[in-house]
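>>> Got a predicted model here, sequence first, then my questions.
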2 protein chains.
Amino acid sequence: MAGTLDAKGAILIKQFWSSRIQNLTPYVPGEQPKSKLIKLNTNENPYPPSPKVLEAIRAATNQDLRMYPDPDGSRLRETIGGYYGLSTDQVFLGNGSDEILAFCFQAFFSPGEPIVFPDITYTFYQVYCQFFDIPYRTIPLDHYLSVPVQAFCGDFKGVVLANPNAPTGKAIPVCKIRMILEGNPNGVVLVDEAYVDFGGDSAVSLIDSYPNLIVVKTMSKSRSLAGLRVGYALGHPNLIEALNYVKNSFNSYTLDRLALVGGEAAIRDDAYFRAMVAKVSLIRNRTAVRLKKLGFCVTESTANFLFISHDKAPARELFTFLRECGILVRYFDKPRIDNHLRVTVGTEEEMDTFCTVVQKILEEQYHAI
Amino acid sequence: MAGTLDAKGAILIKQFWSSRIQNLTPYVPGEQPKSKLIKLNTNENPYPPSPKVLEAIRAATNQDLRMYPDPDGSRLRETIGGYYGLSTDQVFLGNGSDEILAFCFQAFFSPGEPIVFPDITYTFYQVYCQFFDIPYRTIPLDHYLSVPVQAFCGDFKGVVLANPNAPTGKAIPVCKIRMILEGNPNGVVLVDEAYVDFGGDSAVSLIDSYPNLIVVKTMSKSRSLAGLRVGYALGHPNLIEALNYVKNSFNSYTLDRLALVGGEAAIRDDAYFRAMVAKVSLIRNRTAVRLKKLGFCVTESTANFLFISHDKAPARELFTFLRECGILVRYFDKPRIDNHLRVTVGTEEEMDTFCTVVQKILEEQYHAI
């Protein structure tokens, strides 16, 4: 039995912990600082949600909160289905896309049947595998940090891809997703499109052709609702039914009444959504140009973040200098990407400050400009 | 592979379903009717949440929703800890108590190590066992539908008790919970206190004495917030740490920003809470007296529902007659309780209507009065 230390320094053995969590290493989310920092570390949208979302939530903040929400979220599912040209039974809702990913790993992947995902991707995938006892193999991204499509066509029992990938920001064209689906007819291909709205190519158009495709999306990024916890999955009704099996063996009511109405208003206000996504994408592209001028290597991102490295300024140090200057970005201490920083696209003003501060650090600390 | 039918009648095999869900029977929540019925079927509170809760949620419905919530819910945990005289690290938060129960089953109970719970209790417990591959044994309630304390003292690897029990409403005195803790020093004793605020005896006072006690609570019933999804668990920091391991291997942000502030306001408005709980308890007791006069056998409930049977009117029929009269209650088609109905305590007016309608049914259909 492993020992841990409590606040008073006493040894607390894991006597009462189940066998499944004895050796678990949970996911560590990006820091949510309590002090005022320019927060470019968790890929939140710098712009607020649609005013219509706030209005809808305020209207639903009433005595009906005493009652359970609709466990099926029928109205929101219908709205989402309509938006994507799908039927309601092709839509599943969850408490953010992380919950849906967890449900997918339980619903589609089995102990003893290895699945694959890239070596560099959202780190939660390997946490799910470990937690749910699913064997996995990672396939290395190529030298340019792109997904090597052929290597993913191996008739695997499961394939998980973030598109665009995190933390690289690089997109996989939908024709390549199709190739991967063709190359894996016997397993579920899960495409995590958390960031796709900022310029990626969605695989939703393939859903009617491939009964083994599940596409997972979130309102946390492009719809500025990280604080409301609304995610959804799109796929064949048979896969959605499997997700409902899992959900109803876990928690019947995962979305509260306010999340259901807020999510619906967010989908309905498409003009606002498009304007915000365009704004963030424009700032991203401008920031990328500026950082390249400062000597950064910047991967071609279609997400709301940039993945950057500088050959004269080690990323780990840069992270610390930035933090000292009140700017929080994300650093991953992992092989192949330990000289990169992931920088969320903030407002124009925030990115101006970021570029100015970075330039100053490069000049003063590294004489690199 | 099992076959299911889709909407068009085609056979959909479970080809893409994981081995863990091939034979799963998920939980079926009580009906959430879309038409206007007197809804006495899911143990919701008939009274609205505190006005201060609505106020707090409205104030938090702002641009900050673009940002993730505090994944640790520190402020709410501190508030709950303070309320019960516990420290913050003795408090865990979840998306309703069902999510917390699911986390507890994963954190504390292991495949190959049987746990026990009563034969008649919350049906989700056996769904969790099935889903998480935890062997279990049910121990029969005694003839009076009470928990036989001695039978639960068997040095088990896990004990799960709803207190008061559902759907009977009967409480287990805290001295008996203590006996069960003494009788199971090597496993976690989970006490599900979803309904305890309506008159039961809480085991929270035992937390500092028993490092293997976890108490699970919800704001859905006594705090009128079923629609907001806030539950919490109280126990030794070591058990709370185990729950955090599970949560952070599943979904880092299970409570949204509005649930966190609403929950905090609900705990702070203790006067409102006490008044509502007293009101519901009074209506329950008055209804019980009236139903007994109509010839019903009524278990002694300390919850916000009554568990009733009538020897002249079969429960299944009564359920149907009531539904035809626009009143929805809960019927469980299970051995030993298939002649009972579970009736949520509604407003005074609703319970008046319920009693009047029931009396009419008994007279007209069964000539039983």
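Sure thing, it's come through.
>>> tell me the mean pLDDT over stretch A:48-67?
What stretch A:48-67 shows for mean pLDDT is 98.
>>> Repeat that for stretch A:253-260.
On average, stretch A:253-260 scores 98.
>>> Quick one: distance of that stretch to the chain centre.
Its chain's average C-alpha position is 20 Å from that of stretch A:253-260, according to Cα atoms, centre = their mean, to the nearest Å.
>>> for stretch A:345-352, same thing?
Relative to the centre of its chain, stretch A:345-352 is centred 21 Å away, using Cα atoms, centre = their mean.
>>> Show me what it is in contact with.
A:38-40, A:46-47, A:280, A:283-284, A:286-287, A:304-306, A:354 (Cβ atoms under 8 Å, 6 or more residues apart in numbering or on different chains). In this view, the C-beta of every residue, glycine as well, is placed from N, C-alpha and C.
>>> which of these count as buried?
Among those, those classed as buried by 16 or more other Cβ atoms under 10 Å in any protein chain shown are A:38-40, A:46-47, A:280, A:283-284, A:287, A:304-306, A:354.
>>> From these, which land in helices?
Among the buried ones among the contacts of stretch A:345-352, the residues falling in helices (DSSP state H) are A:280, A:283-284, A:287, A:354.
>>> Just the closest of these to residue B:208, please.
Nearest to residue B:208 among these: residue A:354, at 48.6 Å, using Cβ to Cβ.
>>> The closest one and residue A:39 touch, don't they?
No: assessed by Cβ atoms under 8 Å, residue A:354 is found out of contact with residue A:39, at 11.1 Å.
>>> Contact partners for residue A:333?
Contacts of residue A:333 were listed using Cβ under 8 Å, 6+ apart, and they are residue A:316.
>>> and with 10 Å instead?
Residues counted as contacts of residue A:333 (Cβ atoms under 10 Å, 6 or more residues apart in numbering or on different chains) are A:315-316, A:319.
>>> same thing with residue A:297?
Applying Cβ under 10 Å, 6+ apart, we find residue A:297 in contact with A:291, A:307-311, A:339-340.
>>> One more pass at 7 Å, please.
By Cβ atoms under 7 Å, 6 or more residues apart in numbering or on different chains, residue A:297 lies in contact with A:308-309.
>>> does it have beta-bridge partners, and which?
Bridge pairing for residue A:297 (DSSP bridges) gives the partners residue A:309.
>>> Distance check, residue A:317 against chain B.
According to Cβ to the nearest Cβ, to the nearest Å, residue A:317 and chain B sit 27 Å apart.
>>> Report the separation between that residue and residue A:361.
Distance check for residue A:317 against residue A:361: by Cβ to Cβ, to the nearest Å, it reads 9 Å.
>>> And for residue A:157?
Taking Cβ to Cβ as the measure, residue A:157 falls 46 Å from residue A:361.
>>> contacting residues around the one helix or strand residue A:54 maps to?
Using DSSP states H and E, residue A:54 sits within helix A:51-60. The contact list for helix A:51-60, computed with Cβ under 7 Å, 6+ apart, reads A:257-258, A:261-262, A:264-266, A:269, B:58, B:61-62.
>>> Just those residues: which are in strands?
In strands, judged by DSSP state E, none of the contacts of helix A:51-60 are found.
>>> Can I get the buried ones among those as something I can paste into PyMOL?
To isolate the buried subset of the contacts of helix A:51-60 in PyMOL, counting by 16+ other Cβ under 10 Å, use the following:
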select buried, (chain A and resi 257+258+261+262+264+265+266+269) or (chain B and resi 58+61)
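>>> If we ignore the residues flanking it in sequence, what's nearest residue A:236?
Among residues not flanking residue A:236 along the chain, residue A:211 sits closest, at 4.2 Å (Cβ to Cβ, 6 or more residues apart in numbering or on different chains).
>>> Return the residues in contact with the closest residue to chain B within the stretch 201-350 of chain A.
Across the stretch 201-350 of chain A, no residue is closer to chain B than residue A:248, which sits at 3.3 Å (Cβ to the nearest Cβ). By Cβ under 7 Å, 6+ apart, the contact set of residue A:248 is B:26-27.
>>> State the distance from it to residue B:334.
Distance from residue A:248 to residue B:334, counting by Cβ to Cβ: 18 Å.
>>> Same check on residue A:313?
Look at residue A:313 and residue B:334: by Cβ to Cβ, they are 67 Å apart.
>>> name the element residue A:107 belongs to?
Element membership of residue A:107, judged by DSSP H and E, is helix A:96-108.
>>> by how many degrees do that helix and helix B:96-108 diverge?
If you take axes from the mean of the first three to the mean of the last three Cα atoms, to 10 degrees, helix A:96-108 sits at 60 degrees to helix B:96-108.
>>> which element follows helix A:96-108 toward the C-terminus?
As assigned by DSSP H and E, the chain's next helix or strand after helix A:96-108 is strand A:115-118.
>>> Now look at that next one and say if it contacts chain B.
No: with Cβ under 7 Å from any Cβ of the partner chain as the criterion, chain B is not reached by strand A:115-118; the gap is at least 10.5 Å.
>>> What is that strand packed up against?
Counting contacts by 3 or more Cβ pairs under 7 Å, 6 or more residues apart in numbering or on different chains; DSSP states H and E, strand A:115-118 is packed against strand A:136-139, strand A:158-162.
>>> Same list, the ones you listed, but as CSV with mean pLDDT and mean neighbour count please.
Converted to CSV, the helices and strands packed on strand A:115-118 look like this (pLDDT from 0 to 100; neighbours: other Cβ atoms under 10 Å in any protein chain shown):
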stretch, mean pLDDT, mean neighbour count
strand A:136-139, 98, 15
strand A:158-162, 98, 26
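>>> Would you format those strands as CSV with distance to residue A:243 included?
As requested, the helices and strands packed on strand A:115-118 are exported to CSV (distance: least, Cβ to Cβ, whole Å):
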stretch, distance to residue A:243
strand A:136-139, 20
strand A:158-162, 14
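>>> circling back: distance from the helix holding residue A:54 to the middle of the chain?
Taking mean C-alpha positions (Cα atoms, centre = their mean), helix A:51-60 and its chain are 25 Å apart.
>>> relative orientation of it and helix B:51-60 in degrees?
180 degrees.
>>> Give me the below-cutoff pLDDT ranges for chain A.
Applying pLDDT under 70 to chain A picks out residues A:1-12.
>>> Got the domain ranges for it?
Following automatic domain parsing, one gets these domains for chain A: A:33-47+A:271-366, A:51-268.
>>> tell me the most buried of those domains?
domain A:51-268 (a mean of 22; mean count of other Cβ atoms under 10 Å in any protein chain shown).
>>> Quick check, residue A:71 in contact with residue A:255.
No: between residue A:71 and residue A:255 there is no contact, the gap being 8.9 Å when judged by Cβ atoms under 7 Å.
>>> Ignoring the adjacent residues along the chain, who's closest to residue A:22?
The shortest distance from residue A:22 to any non-neighbouring residue, by Cβ to Cβ, 6+ apart, is to residue A:14 (5.9 Å).
>>> For residue A:50, give its distance to chain B.
From residue A:50 over to chain B the distance is 10 Å, taken as Cβ to the nearest Cβ.
>>> and if you look at residue A:81?
Taken as Cβ to the nearest Cβ, the span from residue A:81 to chain B is 14 Å.
>>> which residues in chain A form helices?
In chain A, the helices defined using DSSP H lie at A:51-60, A:74-84, A:96-108, A:124-131, A:174-182, A:237-247, A:257-268, A:270-293, A:315-324, A:348-366.
>>> could you dump the longest one to PDB, C-alpha only?
Output in PDB follows, covering the C-alpha atoms of helix A:270-293 (Å, rounded to 0.1, in the frame of the first residue of the first chain):
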ATOM      1  CA  ASP A 270     -25.200  32.000 -34.500                       C
ATOM      2  CA  ALA A 271     -24.400  35.600 -35.600                       C
ATOM      3  CA  TYR A 272     -22.700  36.300 -32.300                       C
ATOM      4  CA  PHE A 273     -20.900  33.000 -32.300                       C
ATOM      5  CA  ARG A 274     -19.500  33.600 -35.800                       C
ATOM      6  CA  ALA A 275     -18.400  37.200 -35.000                       C
ATOM      7  CA  MET A 276     -16.500  36.100 -31.800                       C
ATOM      8  CA  VAL A 277     -14.800  33.100 -33.600                       C
ATOM      9  CA  ALA A 278     -13.700  35.400 -36.400                       C
ATOM     10  CA  LYS A 279     -12.400  37.900 -34.000                       C
ATOM     11  CA  VAL A 280     -10.300  35.400 -32.000                       C
ATOM     12  CA  SER A 281      -9.000  33.800 -35.200                       C
ATOM     13  CA  LEU A 282      -7.900  37.200 -36.600                       C
ATOM     14  CA  ILE A 283      -6.100  38.100 -33.300                       C
ATOM     15  CA  ARG A 284      -4.500  34.600 -33.400                       C
ATOM     16  CA  ASN A 285      -3.200  35.100 -36.900                       C
ATOM     17  CA  ARG A 286      -1.800  38.600 -36.200                       C
ATOM     18  CA  THR A 287      -0.100  37.400 -33.000                       C
ATOM     19  CA  ALA A 288       1.500  34.500 -34.900                       C
ATOM     20  CA  VAL A 289       2.900  37.000 -37.500                       C
ATOM     21  CA  ARG A 290       4.300  39.200 -34.700                       C
ATOM     22  CA  LEU A 291       5.800  36.200 -32.800                       C
ATOM     23  CA  LYS A 292       7.500  34.900 -36.000                       C
ATOM     24  CA  LYS A 293       9.100  38.300 -36.400                       C
END
